[in-house]
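> sequence first, predicted coordinates after that:
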Amino acid sequence: RAAAGPQYLTGLNPEQREAVVSLDGPVLVLAGAGTGKTRVLTTRIAHILSQGRARPHEILSVTFTNKAAREMKLRLGQMLGQAVEGMPWLGTFHSIGGRILRIHAELVQLKSNFTVLDVDDQVRLLKQLLQAENIDDKRWPARMLAGLIDGWKNRGLTPAQVPAGEAAVFGNGKGGKLYASYQERLKILNAADFGDLLLENIRLFREHPDVLRQYQNRFKFILVDEYQDTNVAQYLWLRLLSQAPSRAGVPLSAIIPGATDTAVVAENAASPVIPGHAEGVNTEGRDGEGSSPASGSGPPDHPGMTSPPQAPLKNICCVGDDDQSIYGWRGAEVDNILRFDHDFPGAKVIRLERNYRSTGHILAAASHLIAHNEGRLGKTLRTEDVDGEKVTVTGSWDSEEEARAIGEEIEDLQRSGENLNEIAILVRASFQMREFEDRFVTLGLSYRVIGGPRFYERAEIRDALAYLRVINSPADDLAFERIVNVPKRGLGDATVQMLHDHARKRRIPLFEAARAVVETDELKPKARGSLRELILHFDRWRARREVTSHTELAEIVLDESGYTDMWQKDRSADAAGRLDNLKELVRSMEEFENLQGFLEHISLVMDRDGGPDEEAVSLMTLHSAKGLEFDNVFLPGWEEGLFPSQRTLDEQGRAGLEEERRLAHVGLTRARRRAKLYFATNRRIHGTWSTTIPSRFLDELPSPNVEITESKGGSGWGGSGGYGASRFDNVESFGSSYTTPGWQRAQANRAKNRGGGGQARGGFDEAQSSYGSSRGETGGFARN
Ligand code: ATP
Ligand code: MG
């Protein structure tokens, strides 16, 4: 279908084109999976640029993952050729928030080289604070506090804004105080945690209206992908940026509570602009108190949102799908998308109904499944593609057989000419990955784990990074503490404690404390000697930074610090692997311009790619598969308790079930040509066998679009039936008997654990905690 106009518009359907060319005022594209929402966003940027409506740096485009941002850059490059200079601000909420924060770090009591802490650092720091407060960390684990703080940050709450009742739930009423002292400590350490990248950015905008205005002026167009999964903090941040600058005649104080703006007089004091979400905003003392014009029609307000905004809004375009909202557990508010036209009055809402991704059977299966949810807008999706292959469901005996079966199918696909890059395995919980990794290593099949900084989480990698962090930011106490005695240099706990005391008393970083201490005779000569040597090393490495490439520097550091040597002398089985990992780490730095850029990347990264050009199967959680597509998608582990996750059901009941179902829907809709589902009847989690029953989601699939097949990897399902109404009871082909060692082991274990019985559903209860960290894992820094 040839169309007049620029090349990049050709091939878009009329609704897509409208979404691309409607540049003025707010636009919402609310549409199902695979309808081209992301494509619309990318094309829209191309359109803005080629129409000369803005220069690249005046465009802000927010994606959900770094990978998605890279993809968008790539596409954009293809659409525009070499024509543009510079790039739009394109990245995740956190990476863009972090970028802005770095520019103005001093205004929020940080330095521009601040460190971004990962979860482990966060927990270590909180442990110290708990100790200082004499709070029993067995009863009140630091990880729990980390979770609470994270939740508050997701909701845009500074310590002062946390509702008293909530702050009291931790540590006998000390939760709020701990949050406050944690924030203080971060400043002293010149560090921010992940949530701060956004929260501190919001604070910066609130406390420095001039800075906010600068960005409001700069960003002429804002684009947001996956809008259904924005949380309150992200929403607040967007709202601040998307208000037209104050020349619109609206007092800044109305946009940013607490701000004063003498230059502009409120013309309509009865219609204050409150950027929503009372929790996140101090709504005290704003003008126009008492007026509450918004009532009646429209979706319910966020608490404290008394009126729709009156200021002309930026040209903001958000795209999303309420059926793909899968981050509720992390504070995402699907409401944000449902109330878009309320927040952005006069918004043009565009719906796309044609799915360009999946074949007929897959789309039918996915649509039928999601129709079981009640809380949804509902939408039509059609495809003009062929029906293609049916969705397959395969039962296997246990997860090992499941991995074997999938491995064989992948080899078959490979033999038939499929590109490994077009094959993905999407798991519900990351512990499921190990089995596949083991299998792939055995088969010699290349694979990459997407969405998890698993590689960077390894101890040796974290140690190496800690050295680099201290070089980059001498105030990074956590990093310094991690390596001060690794390898062992006779600087044990007592020494570290002493450094801490010094540092606290004088409010200086540990490194500086160390520098001071070696000039005294407080330490024993041996310790003093080795501490002095360490300091000299660091001074030298820092000096070398100017003259040596960062990769070379890393090699030097690992060498001179004795770290590599430590592993070379290590006799344990995995030492060689660790040395390889360290080499790989140095290699991975080559992609970056400098150390700072590399460390930044590490702290933000969720995507680990194998060799960039290597063909490989992708392995990831369902959560990190959002927005992606593959010809062949394998979906293992569709069992009650695992998927839907028992924990989510227990905690959130019906809402949790619906979110799990949306996740299943996301999984299915990633597939272009083949979707293959699996369940195992026995699963071992951390050494405990459980009998499982097939996921209810399997029963919710429409029969005409589904084919039940036999497992290729082993001798069949071996299911003993008795699973109530499940249609998977009666499948003859699964019924072959089982006498493998695995089975006997399972039997024995089950007998031991449960007195021989084993009611299916109960099996997962024991293993509950193993799902704890797996909900929606997209890796340590999963949070976008
Ligand atoms: P999701 O909700 O999963 O993020 P989406 O709505 O963002 O999906 P896209 O990823 O943009 O969908 O598009 C899905 C696929 O359809 C892509 O491969 C895209 O290139 C293709 N596509 C989109 N629009 C068209 C079109 N008009 N003609 C041909 N292919 C299209
Ligand atoms: Mg998309």
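Structure received. Ligands and ions are numbered 1, 2, ... in the order given.
> pLDDT score for the nearest residue to Asp385 once chain neighbours are set aside?
Closest residue to Asp385 apart from its sequence neighbours, by CB to CB, 6 or more residues apart in numbering: Thr359 at 5.0 Å. The C-beta positions use only the backbone N, C-alpha and C, and glycine is treated the same way. In this prediction, Thr359 carries a pLDDT score of 96.
> what's the spacing between Thr359 and ligand 2?
From Thr359 across to ligand 2, the span is 18 Å (CB to the ion, to the nearest Å).
> wait, isn't that residue in contact with Lys390?
No. Thr359 is beyond contact range of Lys390, at 9.6 Å (criterion: CB atoms under 8 Å).
> quick one, what contacts Gly175?
145, 148, 162, 166-169 (CB atoms under 8 Å, 6 or more residues apart in numbering).
> you'd agree Arg482 is up against Leu468?
No. With contacts counted by CB under 8 Å, Arg482 stays clear of Leu468, the gap being 11.5 Å.
> would you mind listing what in the protein touches ligand 2?
With CB under 5 Å from the ion as the criterion, the chain comes near ligand 2 at residues 37-38, 627.
> now those as a markdown table including pLDDT and secondary structure?
Formatted as a markdown table, the residues of the chain next to ligand 2 follow (pLDDT from 0 to 100; DSSP: H, G, I helix; E, B strand; the rest coil):
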| residue | pLDDT | secondary structure |
| --- | --- | --- |
| Lys37 | 96 | helix |
| Thr38 | 96 | helix |
| Gly627 | 93 | coil |
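> so which of those comes closest to ligand 2?
Thr38 (3.3 Å; CB to the ion).
> the residue sitting furthest away from the middle of the chain sits in which helix or strand?
Distance from the C-alpha centroid of the chain peaks at Asp521, with 48.0 Å (CA atoms, centre = their mean). Here Asp521, judged by DSSP states H and E, is contained in no helix and no strand.
> quick one: contacts for it?
For Asp521, counting by CB under 8 Å, 6+ apart, the contacting residues are Arg528.
> filter the residues of the chain next to ligand 2 down to the buried ones, ChimeraX style.
Command for ChimeraX that selects the buried part of the residues of the chain next to ligand 2, burial taken from 16 or more other CB atoms under 10 Å:
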select :37,38,627
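> including distance to Arg415, could the residues of the chain next to ligand 2 go into JSON lines?
Formatted as JSON lines, the residues of the chain next to ligand 2 follow (distance: CB to CB, whole Å):
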{"residue": "Lys37", "distance to Arg415": "35"}
{"residue": "Thr38", "distance to Arg415": "32"}
{"residue": "Gly627", "distance to Arg415": "30"}
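> out of the residues of the chain next to ligand 2, which comes closest to Val666?
Using CB to CB, the shortest approach to Val666 within those belongs to Gly627, at 9.1 Å.
> and the biggest strand by length in the chain, what does it pack against?
In terms of residue count, the longest strand belonging to the chain (DSSP state E) is strand 671-685. In terms of contacts (3 or more CB pairs under 8 Å, 6 or more residues apart in numbering; DSSP states H and E), strand 671-685 is packed against helix 360-370, strand 391-398, helix 399-415, strand 630-635, strand 688-691, helix 741-754.
> for the ones you listed, which one sits closest to His57?
Using CB to CB, these put strand 630-635 closest to His57, at 33.5 Å.
> just the buried positions in that closest one, please.
Using 16+ other CB under 10 Å as the test for burial, strand 630-635 gives 630, 632-635.
> between those residues, which is closest to Ala33?
Looking across these and measuring by CB to CB, the closest to Ala33 is Val633, at 12.3 Å.
> tell me the bridge partners for the closest residue to that closest one other than its chain neighbours.
In space, Val633 comes closest to Ala671 once its chain neighbours are excluded; the distance is 3.9 Å by CB to CB, 6+ apart. Ala671 has these beta-bridge partners by DSSP bridges: Phe630.
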